[in-house]
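S.K.: give me a 3D structure for the following:
(one chain, ligands or ions: 1)
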Amino acid sequence: MQVKIFGVRGCLFGIANMILVKRLRERLYSTLLLQDISFFDSETVGGLTSRLGSDCQQVSRVIGNDLNLILRNVLQGSGALIYLLILSLPLGLCVLAICISLSTMMLIYGQYQKKSAKLIQEFTASANDVAQETLSLMRTVRVYGTEKQELGRYKQWLDKLAGISLRQSAAYGFWNFGFNTLYHSTQVIAVLIGGMSILSGHITAEQLTKFILYSEWLIYSTWWVGDNLSSLMQSIGASEKVFNLIDLSASDQFTVKGLKLQKLMGRIEFDDVSFHYPSRKEVPVLQHFNLKVPPGEVVAIVGLSGSGKSTVVNLLLRLYEPTNGEILIDGYPMKELNVRWLRERIGYVGQEPRLFRMDISSNIKYGCPRDISQQDVEWAAKQAFAHDFISSLPNGYQTLVDDDLLSGGQKQRIAIARAILRDPSILILDEATSALDAESEHNVKGVLRAVQSDLQARRTVIVIAHRLSTIQTADRIIVMDGGKIVEMGNHTELLRKDGLYARLIRRQADAVA
Ligand SMILES: Nc1ncnc2c1ncn2[C@@H]1O[C@H](COP(=O)(O)OP(=O)(O)OP(=O)(O)O)[C@@H](O)[C@H]1O
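M.R.: Here you go, the predicted structure:
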């Protein structure tokens, strides 16, 4: 019967735990997805994934298991204590004093467990980070033959984890030793004092037996509470970060409704914008940046590496908020517009796009707010010069995207198709800087040509170019240096000026020669 009850209880707890872990993970994940991008600059991927994984599991253990066991043992122990006090007040108080010593020990031990759990959590996250980084950069590791160093880096965290576990085991040993000493001394004291009390006729042998049994019961309940409390403290240590994360409020972008205009024309205005990244407050990245882009203009941004070109785009995508000044879209402060509505009307192709592990067709459709047919997908792929290579793959558009399967240029073409499919009013292209420059240049040039020749669907285009030959046909070229615009004009005007742009052009020509 008891076995059956325990079986049912275990099963119910199993189900409750499963539901709890699921709900916690969902809640934490949805909170994370709604954070500002700057939040992800300060947290590590390994850290966040272990919060979602093992840490959520720990939290559910606190609520589902430890608390329940503590409650059960507190009830059992209190019953035994009352009985003991009724049997013999002085002896009962004696056992109570022993239990209080035991509880003090377990509180100290519990605090220690809480601290160790936090450290274990931090070290596990760091070990995960190292592993994640190394495994995702396997090619670099292999080429540079740094397998041993990487193992060393990982081992360093494992050693720290082992150190903590060792100290935890030692602390557990002390706690166990303390308990056993107290437990056995209670038995000896009970037999001694009880024996004397029987001889003096104060209590009967039956009362002494009962007394010893209830003492054992009380001490064991105290032990169980202590043991579960220390594991509860351990779980609380791990839970703190999970609850801190769950308690984060969503970014303003998602809570403020904002305006939805009838149509986005694509007028962009940076009005005296200054900016520094939240993680590097002391380094100004943009300073008094002013720029007006009328609808349909193709504007190229060029400049040395680190001059702030991608930051301009980050602000335009509202991934970060300006620290000073404001950005206006179609004359409205960007902050007042509904961010989802705005982003649905912006097409963006990053420097070296990474695709999702789903088929090519789904990657092209990704995030498109309209209902999309296969013809639409193929149309966008054709515009992005991606159709031919996709069709030549054995599974065509149904091919599962794998990082190794496609070249950087091919991934970029898929990302261009994704951006075009949205039929965006503002198109942002960040040309690749890496070795796939020539292919990237060809891709970006193709899109610019298509945009400029399609007079019906004129879009505002912002293109960050590293290969200056890519953007010679742009309506306007903006040259940036140290977070400021230092020159502006079309290709011919800027060459005539013989400033930074002309120097960059000469430098690239020398590099090619
Ligand atoms: N997330 C970030 N957190 C902190 N600093 C950043 C961040 N992103 C960029 N920076 C810094 O801001 C400055 C401008 O970077 P940005 O990427 O805008 O330059 P860029 O002109 O686009 O460079 P590149 O041509 O190499 O892409 C750099 O000093 C860079 O180190």
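S.K.: packing partners of the longest helix seen in the chain?
M.R.: The helix that spans the most residues within the chain, counting by DSSP state H, is helix 147-199. On a contact count with 3 or more C-beta pairs under 8 Å, 6 or more residues apart in numbering; DSSP states H and E, helix 147-199 meets helix 89-136, helix 205-246. To be clear about C-beta, it is placed using only N, CA and C from the backbone, and glycine gets the same treatment.
S.K.: I'd like the next helix or strand past the helix or strand bottoming out on mean pLDDT in the chain.
M.R.: Lowest mean confidence among the helices and strands of the chain (mean pLDDT, DSSP states H and E): helix 437-453, at a mean of 64. Beyond helix 437-453 in the direction of the C-terminus, DSSP states H and E gives the next helix or strand as strand 460-464.
S.K.: ok, whichever helix or strand comes after that following strand: who's next to it in the sheet?
M.R.: Going down the chain from strand 460-464, the next helix or strand is strand 476-481, by DSSP H and E. Using DSSP bridges, strand 476-481 pairs in its sheet with strand 298-303 (parallel), strand 484-489 (antiparallel).
S.K.: may I see the buried residues of strand 476-481?
M.R.: 476-480 (16 or more other C-beta atoms under 10 Å).
S.K.: any weak-confidence spans in the stretch 201-350 of the chain?
M.R.: In the predicted model of the stretch 201-350 of the chain, no residue satisfies pLDDT under 70.
S.K.: enumerate the residues of it near the ligand.
M.R.: Counting by C-beta under 6 Å from any ligand atom, the stretch 201-350 of the chain comes close to the ligand at 277, 279-280, 285, 303, 305-311.
S.K.: kindly give a single ChimeraX line that selects the buried subset of those.
M.R.: Filtering those down to the buried ones (16+ other C-beta under 10 Å) takes a single ChimeraX command:
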select :277,285,303,307,308,309,310,311
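S.K.: now intersect the residues of the stretch 201-350 of the chain next to the ligand with the strands, please.
M.R.: Counting by DSSP state E, these place Gly303 in strands.
S.K.: possible to save the residues of the stretch 201-350 of the chain next to the ligand as TSV with distance to Ala97?
M.R.: Listed next are these as TSV, based on distance: C-beta to C-beta, whole Å:
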residue	distance to Ala97
Tyr277	59
Ser279	55
Arg280	58
Val285	66
Gly303	77
Ser305	72
Gly306	69
Ser307	74
Gly308	70
Lys309	73
Ser310	69
Thr311	67
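S.K.: in helices, which of the residues of the stretch 201-350 of the chain next to the ligand fall?
M.R.: Using DSSP H, those in helices are 309-311.
S.K.: quick one, phi psi at the nearest residue to Leu393 once chain neighbours are set aside?
M.R.: Spatial nearest neighbour of Leu393, excluding adjacent residues (C-beta to C-beta, 6 or more residues apart in numbering): Thr399 at 4.5 Å. Phi and psi for Thr399, reported as degrees, to the nearest 10, are phi -60, psi 130.
S.K.: from what I see, Thr399 and Ser362 are in contact.
M.R.: No - under the criterion of C-beta atoms under 8 Å, Thr399 is not in contact with Ser362, lying 10.7 Å apart.
S.K.: redo the ones in helices among the residues of the stretch 201-350 of the chain next to the ligand as JSON lines? Include distance to Thr323.
M.R.: Below are those laid out as JSON lines (distance: C-beta to C-beta, whole Å):
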{"residue": "Lys309", "distance to Thr323": "18"}
{"residue": "Ser310", "distance to Thr323": "17"}
{"residue": "Thr311", "distance to Thr323": "11"}
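S.K.: run through who's touching stretch 21-28.
M.R.: With contact meaning C-beta atoms under 8 Å, 6 or more residues apart in numbering, stretch 21-28 is reached by 51-52, 56-57, 59-60, 242, 245-246.
S.K.: stretch 467-480: end-to-end distance?
M.R.: Length of stretch 467-480, first residue to last, C-alpha to C-alpha, to the nearest Å: 15 Å.
S.K.: brain fart, stretch 273-292
M.R.: This stretch, stretch 273-292, spans 12 Å end to end (C-alpha to C-alpha).
S.K.: quick check: the gap between Glu26 and the ligand.
M.R.: 28 Å (C-beta to the nearest ligand atom, to the nearest Å).
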